[in-house]
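Participant: Could you look at this predicted model? Sequence included:
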2 protein chains.
Amino acid sequence: MNEAVVLTSERILEVTEDVLRRYGLAKATVVDVARALDVSHGSVYRHFPSKASLREAVAKRWLERVSKPLAEIAAEPGPAPAKLERWLRELFDAKHKRVCEDPEMFATYLTLAREACTVVKAHKQDLIAQVEGIIAEGVAQGAFDVADPKTAAAAIFDATRSFHHPAHADEWAECTCSTRVDAVLTLLLRGLAAR
Amino acid sequence: MNEAVVLTSERILEVTEDVLRRYGLAKATVVDVARALDVSHGSVYRHFPSKASLREAVAKRWLERVSKPLAEIAAEPGPAPAKLERWLRELFDAKHKRVCEDPEMFATYLTLAREACTVVKAHKQDLIAQVEGIIAEGVAQGAFDVADPKTAAAAIFDATRSFHHPAHADEWAECTCSTRVDAVLTLLLRGLAAR
DNA sequence: GCGCTGACAGATTTCAATATCTGTCAGCGA
DNA sequence: TCGCTGACAGATATTGAAATCTGTCAGCGC
């Protein structure tokens, strides 16, 4: 029957995200977060050892929201080439949608990600591993001809940077963008294909 | 016989580059440039209408030093696939060398380039046009099979961003870098090849 | 006992006064 | 005449004092 809201890490993260949205990355302080939670800032430090670790946790949540739907696609059955294309397009769409629906929040997460480079590296490794899985599957199906799926997965990731790395986000709104995506995907799938 | 040094735009650009190297981008002022030239800053404004246009001209010079050797490769005779690979490797080497030999100056030029986005766009168009030429040549030789050389050139440019776009410069020192370059080039050349 | 508070020291940010710079132009000197 | 100078107004950057924030911890109250 006790409805007193307990202070959990999860709740702090949610409220932190709100505060970031409201105040912007530069102005959002731990004191602001504590105020929004109606506790003292000391309590926040009970759950996160530093402001940096709090921000890192926010970044991690955000990246997980990107990688989870992708993992589902990677786990589906079916021919690898089509699946790889679907996976990549889903990745691009996820990023493009985020930047066009809420550019300020995207900028916030981008800066956050720069600070939390460990988390970002792990995210990248996760994504490349997913691609590697799809490519290995394609090789097993006889659809792809590559010497080493790991290297090939890294190459696919590198070769599609223009469409998923935030440094190029300003080009994602250009009208030629979808044509360019098509061209690169065609080239890469041809490059992987067994002949 | 008059050896009085005349104030030319070219001389101003050279000295400006020196000043940028010495003071750094943030601290280099038009007054500093004028002082280094031993003239009043009003004289500099006689040759460049604004500080921005002076910086733009410096950026342009720098980009031309990148594109000129590439244009020479593009103009050479020979089979297109090998030439395309050589051209791309020369592009990567040029960038990688610059960042590793003088990281501070690279950062300076990077910021300069951000400001002078018109100049950068023209540079990009120039490079893509060079690639388009090589690809068209490859199609004529029967080595490449692509529907549209223009689109394919843009795709090659997009797909190699990781190795020539300055946003990714911090990865160019990694030991895996040359492996990754090889992997992407292999994939792309396979993707272009007639079969 | 246990979780929270709030005061505190040192680090960081803000803000306004001050200094410097950009871009213009009337006038000097060759 | 013609290129250059240097004073000037408005814009931008620097500086240092004051305010705020981060991270800690002794102690309060449940």
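Facilitator: Sure, I can see it.

Participant: Of all the residues in stretch A:105-123, which ones are buried?
Facilitator: Judged by neighbour count (16 or more other C-beta atoms under 10 Å in any protein chain shown), stretch A:105-123 contains these buried residues: A:105-106, A:108-109, A:112-113, A:116, A:119-120, A:123. Bear in mind the C-beta positions are built from the backbone N, C-alpha and C, glycine included.

Participant: what about that stretch, start to end distance?
Facilitator: 19 Å (C-alpha to C-alpha, to the nearest Å).

Participant: if we look at it, which residues are touching it?
Facilitator: Contacts with stretch A:105-123, where a contact means C-beta atoms under 8 Å, 6 or more residues apart in numbering or on different chains, come from A:20-21, A:24-25, A:52, A:55-56, A:58-60, A:62-63, A:66-67, A:98-99, A:166, A:169.

Participant: Is any residue of that stretch near DNA strand D?
Facilitator: No: using C-beta under 7 Å from any atom of the strand, stretch A:105-123 never reaches DNA strand D; the gap is at least 11.8 Å.

Participant: Tell me who's in contact with whatever residue of chain A ends up closest to DNA strand C.
Facilitator: DNA strand C sits closest to A:Gly42 of chain A, with a gap of 2.3 Å, by C-beta to the nearest atom of the strand. A:Gly42 sits next to A:Ala34 when contact means C-beta under 8 Å, 6+ apart.

Participant: How is chain A divided into domains?
Facilitator: A:9-47, A:51-192 (automatic domain parsing).

Participant: Now those in a markdown table, please, with extra columns for mean pLDDT.
Facilitator: Below are the domains of chain A laid out as a markdown table (pLDDT from 0 to 100):
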| stretch | mean pLDDT |
| --- | --- |
| domain A:9-47 | 94 |
| domain A:51-192 | 97 |
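
Participant: looking at the ones you listed, which is buried most?
Facilitator: domain A:51-192 (a mean of 17; mean count of other C-beta atoms under 10 Å in any protein chain shown).

Participant: Out of the contacts of stretch A:105-123, which sit inside helices?
Facilitator: A:20-21, A:52, A:55-56, A:58-60, A:62-63, A:66-67, A:98-99 (DSSP state H).

Participant: In a markdown table: these, plus distance to chain B.
Facilitator: Formatted as a markdown table, the ones in helices among the contacts of stretch A:105-123 follow (distance: C-beta to the nearest C-beta, whole Å):
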| residue | distance to chain B |
| --- | --- |
| A:Leu20 | 24 |
| A:Arg21 | 26 |
| A:Ala52 | 20 |
| A:Arg55 | 20 |
| A:Glu56 | 19 |
| A:Val58 | 23 |
| A:Ala59 | 18 |
| A:Lys60 | 21 |
| A:Trp62 | 20 |
| A:Leu63 | 18 |
| A:Val66 | 19 |
| A:Ser67 | 20 |
| A:Arg98 | 18 |
| A:Val99 | 15 |
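
Participant: Let me know the helix or strand that the residue of chain A closest to DNA strand C is in.
Facilitator: Secondary structure from DSSP states H and E places A:Gly42 in helix A:41-47.

Participant: Count the neighbours of A:Phe48 for me.
Facilitator: 19 (other C-beta atoms under 10 Å in any protein chain shown).

Participant: Now it: closest residue in space that isn't a chain neighbour?
Facilitator: Spatial nearest neighbour of A:Phe48, excluding adjacent residues (C-beta to C-beta, 6 or more residues apart in numbering or on different chains): A:Leu54 at 4.2 Å.

Participant: for DNA strand C, what are the nearby residues on chain A?
Facilitator: A:6-7, A:26-27, A:39-43, A:46.

Participant: So which of these is the closest to B:Ala194?
Facilitator: Closest to B:Ala194 out of the residues of chain A next to DNA strand C is A:Ala26 (53.6 Å), distances taken as C-beta to C-beta.

Participant: ok, A:Lys95 to chain B distance?
Facilitator: 15 Å (C-beta to the nearest C-beta, to the nearest Å).

Participant: That residue falls within a strand, correct?
Facilitator: No: using DSSP: H, G, I helix; E, B strand; the rest coil, the assignment for A:Lys95 is helix, not a strand.

Participant: pretty sure it contacts A:His164?
Facilitator: Yes: between A:Lys95 and A:His164 there is a contact under C-beta atoms under 8 Å: 5.4 Å.

Participant: now A:Val44: how far from DNA strand D?
Facilitator: Separation of A:Val44 from DNA strand D (C-beta to the nearest atom of the strand, to the nearest Å): 8 Å.

Participant: Quick check: that residue touching A:Leu54?
Facilitator: Yes: A:Val44 is within contact range of A:Leu54, at 7.2 Å (criterion: C-beta under 8 Å).

Participant: so what sits against both of the two?
Facilitator: With C-beta under 8 Å, 6+ apart, A:Val44 and A:Leu54 have common neighbours A:12, A:30, A:33.

Participant: ok, now which ones touch the second one?
Facilitator: In other words, A:Val30. A:Val30 neighbours (C-beta under 8 Å, 6+ apart): A:41, A:44-45, A:51, A:54.

Participant: just A:His165 next, same as before
Facilitator: A:His165 sits in contact with B:161, B:167-168, where contact means C-beta under 8 Å, 6+ apart.

Participant: quick check, nearest of those residues to B:Ala140?
Facilitator: Closest to B:Ala140, out of all of those and judged by C-beta to C-beta, is B:Arg161, at 27.2 Å.

Participant: mind checking how far the closest one is from A:Ala113?
Facilitator: Plainly put, B:Arg161 is 18 Å away from A:Ala113 if you go by C-beta to C-beta, to the nearest Å.

Participant: now do A:His164
Facilitator: 13 Å.

Participant: now do A:Ile156
Facilitator: In terms of C-beta to C-beta, A:Ile156 sits 21 Å off from A:Ala113.
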